[in-house]
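Peer 1: pasting the structure only:
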DNA sequence: GTAGACCTTCCAGCGCGCTGGAAGGTCCAG
DNA sequence: CTGGACCTTCCAGCGCGCTGGAAGGTCTAC
């Protein structure tokens, strides 16, 4: 199976598949006599795994580490479990940051609603934003 | 006031201030006879504004657009209000994506808790993750 | 034999907000 | 006059996951 067919089958581009190979997610496949990559069909399930893991929020580096464990014959279960919990913690952190920013922005939106542009003087640059800590 | 003093006063580095100038957030200041940047003290409040706007989640490009309006003599109020609402919408979107990913990860964590590594076969790569769409 | 669809490699850039380093100039204290 | 603290410019890289393009090779259909 050539790279274009594999790409179509997996909903990726040939570029992306070459990139995954270079990133260590895929083994280099055998080549045809003309130098074309010639993939066995099992690669589709490996790529499906990569997609599943990505949609779970894992990075390519993490996915590579899982695949490397599996390729070396070990069950990556506990490694995967750790990664999952790390990502959950990371998501909580990012969500709390977003909530903080959202609170700040809502305050600004409230202030903006009560702002009259004609009273906005140049010295402040912008009284909606700028006054928050200085005024 | 030289760049290092301004940096100290604003809690930034000289590098960052030069970068801001190059990014169009600061006007190029006059120079001393030796070629050093010589800032008027008002620049501190401009930099404070940049910091306030950044902590509200605005990008440097957006902040530049606000400053450009102000520099041209217009009150940027309505522009700023638009930006605030766009960012609020963006935050909601990102939070809902994070919630979705979190739900997926929690499902995986539950599955992981019930997984016995010895039953994990190579064909699946990882039954915790990989089985999610193919199991 | 030729068009064109596919493949190959390599190098570069995206966005974002800086940060680091090299190679050199300026200014002040001792 | 020397050291060193500061400044200047320019170029490069970070992380992340691709994506684009150039320059060329291969295979198939007509």
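Peer 2: Received it, and whenever you're ready, just let me know what you need. Being a predicted model, the structure only gives us computed values, none of them experimental.
Peer 1: In which helix or strand does residue A:109 reside?
Peer 2: Here residue A:109 is covered by helix A:77-113, with elements defined by DSSP states H and E.
Peer 1: by contact count, what packs against that helix?
Peer 2: helix A:60-71, helix A:127-134, helix B:77-113, helix B:127-134 (3 or more C-beta pairs under 8 Å, 6 or more residues apart in numbering or on different chains; DSSP states H and E). Using the backbone N, CA and C atoms, a C-beta is placed for each residue, glycine as well.
Peer 1: Mind checking those helices for the one nearest to DNA strand D?
Peer 2: DNA strand D sits nearest to helix A:60-71 of all the helices and strands packed on helix A:77-113, at 3.6 Å, using C-beta to the nearest atom of the strand.
Peer 1: can you tell me if that closest one touches chain B.
Peer 2: Yes: interface with chain B: helix A:60-71 contributes A:66, A:67, A:70 (C-beta under 8 Å from any C-beta of the partner chain).
Peer 1: Quick one: mean pLDDT for that helix?
Peer 2: Computed over helix A:60-71, the mean pLDDT rounds to 92.
Peer 1: Now that helix: buried residues?
Peer 2: A:62, A:63, A:64, A:65, A:66, A:67, A:69, A:70 (16 or more other C-beta atoms under 10 Å in any protein chain shown).
Peer 1: What residues does residue A:66 make contact with?
Peer 2: A:53, A:58, A:76, A:79, A:80, A:83, B:125, B:126, B:129 (C-beta atoms under 8 Å, 6 or more residues apart in numbering or on different chains).
Peer 1: what's in contact with stretch A:8-20?
Peer 2: Residues contacting stretch A:8-20 (C-beta under 8 Å, 6+ apart): A:1, A:3, A:4, A:6, A:7, A:26, A:44, A:47, A:48, A:50, A:51, A:60.
Peer 1: Now do the SS call for the residue of chain A found nearest DNA strand C.
Peer 2: Among the residues of chain A, residue A:4 lies closest to DNA strand C, at 2.4 Å counting by C-beta to the nearest atom of the strand. Following DSSP: H, G, I helix; E, B strand; the rest coil, the label given to residue A:4 is helix.
Peer 1: give me the number of residues near it?
Peer 2: Residue A:4 has 13 neighbours, counted by other C-beta atoms under 10 Å in any protein chain shown.
Peer 1: what would the contacts of residue A:66 look like in TSV with neighbour count?
Peer 2: Below are the contacts of residue A:66 laid out as TSV (neighbours: other C-beta atoms under 10 Å in any protein chain shown):
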residue	neighbour count
A:53	27
A:58	23
A:76	23
A:79	17
A:80	29
A:83	25
B:125	25
B:126	26
B:129	27
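Peer 1: what's the closest of the residues of helix A:60-71 next to chain B to residue B:97?
Peer 2: Taking C-beta to C-beta as the measure, residue B:97 sits nearest to residue A:66 out of those, at 22.5 Å.
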